[in-house]
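Chemist: Build me a model from this:
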Amino acid sequence: MSDRWYEQAVVYCLDIDTFDDANGDGVGDIQGLIGRLDYLARLGVTCLWLHPIHPSPNRDDGYDVTDFYNVDPRFGTLGDFAELLHQAENRGIKVIIDLVVNHTSDQHPWFQSARKGPDSPFHDWFVWSDTEPADRRQGMVFPGEQDETWTYDRTAKKWFYHRFYKFQPDLNIKNPQVREEIKKICAFWLQLGVSGFRMDAVPFIIEQTEPGNAQSPKDFEFLADLRQHVQWRRGDAVLLAEANVEPEKLKEFFGDQGGSGNRLHMLFDFMLNGRLMLALARQDPESVIDALRDTPALPAGAQWATFLRNHDEVDLSRLTAEQRADVFAAFGPDESMQLYGRGIRRRLAPMLGGDRRRIELAYALQFSLRGTPVLRYGEEIGMGEDLSLHGRDAIRTPMQWSYLPNAGFSSAEPDQLVRPVISGGEFGYDTVNVTAQRHDPASLLSWFERMIRTLREAPEVGAGSCTHVDVTAPRGVLAHRADSPAGTMLFVHNLSDEAATVDLGVVAAEADFPNDVLADQEYPEPGDFTKIDVGGYGYRWIRLRRGTAG
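Modeler: Below is the predicted model of the structure:
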């Protein structure tokens, strides 16, 4: 891979505590993950993104951190983590970890000291107000679960700010000592061998909170400072961030107004994700076409990260009320499936009714669009969700490895598991598991392996341009292309359940021995581009030509 390895990566995200339990205590651990690295390598994963690994009271799935320089003892030790990095590198897999520095746990020693008053060296590391702020009940991230963003602390006799839960006090980014500490945290993990960080809630990290001002300013220059620091420590390190903001503001996270890409390397494409879900719900690609057209030009080296499902709810907040209603109706019609009034707390396979054709179509489309694909653990076998669990925990159930008790995740008693394994029904572990699909060459897992291998042979997808091809086609068909010095790929995806014939004559002159490299079924080799067939919920990845590279 090039220095911009992330442009052609396949990212796989997981929670250590629900992936594999090696010591039988009911909680997944680092040794268990090490034992599954060969599985990930065979799947085609080139980058592993780990959700919070630090010590935590675990009131928010590890996002409430008490020590940024260590590993949660439930998972193992720093020595175990160093071994994980070594073994992953042996298999060509880079590792990035969550950087959760917009807040700490209220049990963190910094906050416990800060509460004691202004004489504490950590008092100004957090955001305080002597009086009740006017915006106390504004800006909640989890409506329905939060009542306020400012809470009165009886020990400090002041109000402290928390964009998230009240047990997660925000750090004060205005304080130079806090900035330096964040840089030290990054340097520590880079020295240990991680390849970068996924920055949680980055708009809040750079927010210079002012009591009573719900629109406090943001310091984008800290992102430039952090990137420079990170890349001095490790030249190929990457900053992948979550910034679900208005489209016109996204470019500020990549670079300054001069067009320099001097801030974040990558952003999750929330706008495209919502549009993808809308397209799948309506069986109409128009919203994806709009997203491709509206995507701002990025600085050199900047990259989108695409996803269908991640560790949170499907966030539909960037859709209109009408669009959101259509997605809810298709994929989350019951209130128990919805969350915060804006999202759906389900995995993709049950959202699509377990229909293999639609699941393949959805992921073939995601992986062929511009950017770096991110895949959530268990999606490659079509795992389901447990709606009896609270909130986002519904999609954070243990990985389903085999027919063994607890799906082969752990040898502990079922009531000792970190979360219950899904059992029974269409998505129970006795039906959906890695072992069963490993033995079936027609399984979803086998398909994912083939699809990812194909993607690795098409470098223009990750690093090239992505353009909608305006063609004569039935309503449900999307055609787009990827171009780079490595060549040109043409993609046809049919979001409708009815077979279609597409006129792609507009690209016929560019074809140089065209051939299908991935398709939902056997088709005649593309010859007459005015009559390209594609089945219902079908897809065709067609290589038009090879270039001078790749």
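
Chemist: Contacts only, for the residue nearest the centre of the chain.
Modeler: Centroid-nearest residue in the chain: Asn310, 4.8 Å away (criterion: Cα atoms, centre = their mean). Going by Cβ atoms under 8 Å, 6 or more residues apart in numbering, Asn310 touches 13, 268, 374, 376. All C-beta atoms are positioned from the backbone trio N, CA, C, and that covers glycine.

Chemist: of all the residues you listed, which two lie farthest apart?
Modeler: Of all pairs drawn from those, the one with the longest distance (Cβ to Cβ) is Phe268 and Arg376, at 12.4 Å.

Chemist: got the domain boundaries for this protein?
Modeler: 5-102+176-453, 109-161, 465-546 (automatic domain parsing).

Chemist: Of those, give the one that comes closest to Pro169.
Modeler: Nearest to Pro169, of the domains of the chain and by Cβ to Cβ, is domain 109-161 at 5.0 Å.

Chemist: And the strands in the stretch 101-250 of the chain?
Modeler: With DSSP state E, counting those that start in this stretch as the criterion, the stretch 101-250 of the chain has strands at 128-129, 150-153, 158-161, 196-199, 238-241.

Chemist: how much space between Arg136 and Glu207?
Modeler: Here the criterion is Cβ to Cβ, to the nearest Å. By it, Arg136 lies 16 Å from Glu207.

Chemist: who's more crowded, these two?
Modeler: Comparing Arg136 with Glu207 by other Cβ atoms under 10 Å, the one with more neighbours is Glu207, at 22 against 18.

Chemist: Name whatever forms a beta bridge with that one.
Modeler: Taking DSSP bridges, one finds Lys218 as the beta-bridge partners of Glu207.

Chemist: That one: what's it in contact with?
Modeler: 102, 163, 173, 216-218 are the contacts of Glu207 under Cβ under 8 Å, 6+ apart.

Chemist: Go through those residues and say which is closest to Ala442.
Modeler: Within the contacts of Glu207, the smallest distance to Ala442 is 44.9 Å, found for Asn102 (Cβ to Cβ).

Chemist: Asp153: neighbouring residues, count only.
Modeler: Around Asp153 there are 17 residues (other Cβ under 10 Å).

Chemist: who are the neighbours in contact with it?
Modeler: So Asp153 contacts 115, 159-160 (Cβ under 8 Å, 6+ apart).

Chemist: One more pass at 6 Å, please.
Modeler: 115, 160 (Cβ atoms under 6 Å, 6 or more residues apart in numbering).

Chemist: roughly how far apart are Tyr363 and Gly428?
Modeler: 22 Å.

Chemist: Of the two, give the one with the bigger neighbour count.
Modeler: Counting neighbours by other Cβ under 10 Å for Tyr363 and for Gly428 shows that Tyr363 has the greater number, 22 against 15.

Chemist: Flag every buried residue along the helix or strand containing the more buried one.
Modeler: Using DSSP states H and E, Tyr363 falls within helix 356-368. Residues 356-368 are the ones in helix 356-368 that count as buried (16 or more other Cβ atoms under 10 Å).

Chemist: Grab the CA positions of that helix and hand them over as CSV.
Modeler: Extracted in CSV, the C-alpha atoms of helix 356-368 (Å, rounded to 0.1, in the frame of the first residue of the first chain):
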residue,chain,number,x,y,z
ARG,A,356,-29.8,-12.3,0.3
ARG,A,357,-30.3,-10.5,-2.9
ARG,A,358,-30.9,-7.2,-1.2
ILE,A,359,-28.1,-7.6,1.3
GLU,A,360,-25.6,-8.3,-1.5
LEU,A,361,-26.9,-5.4,-3.5
ALA,A,362,-26.6,-3.0,-0.6
TYR,A,363,-23.0,-3.9,0.2
ALA,A,364,-22.0,-4.2,-3.4
LEU,A,365,-23.3,-0.6,-3.8
GLN,A,366,-21.6,0.7,-0.7
PHE,A,367,-18.2,-0.9,-1.5
SER,A,368,-18.2,0.4,-5.1
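
Chemist: Now the element after it, going C-ward?
Modeler: According to DSSP H and E, the helix or strand after helix 356-368 is strand 372-376.

Chemist: ok, that following strand: who's next to it in the sheet?
Modeler: Assessed with DSSP bridges, strand 372-376 is paired to strand 11-14 (parallel), strand 303-306 (parallel).
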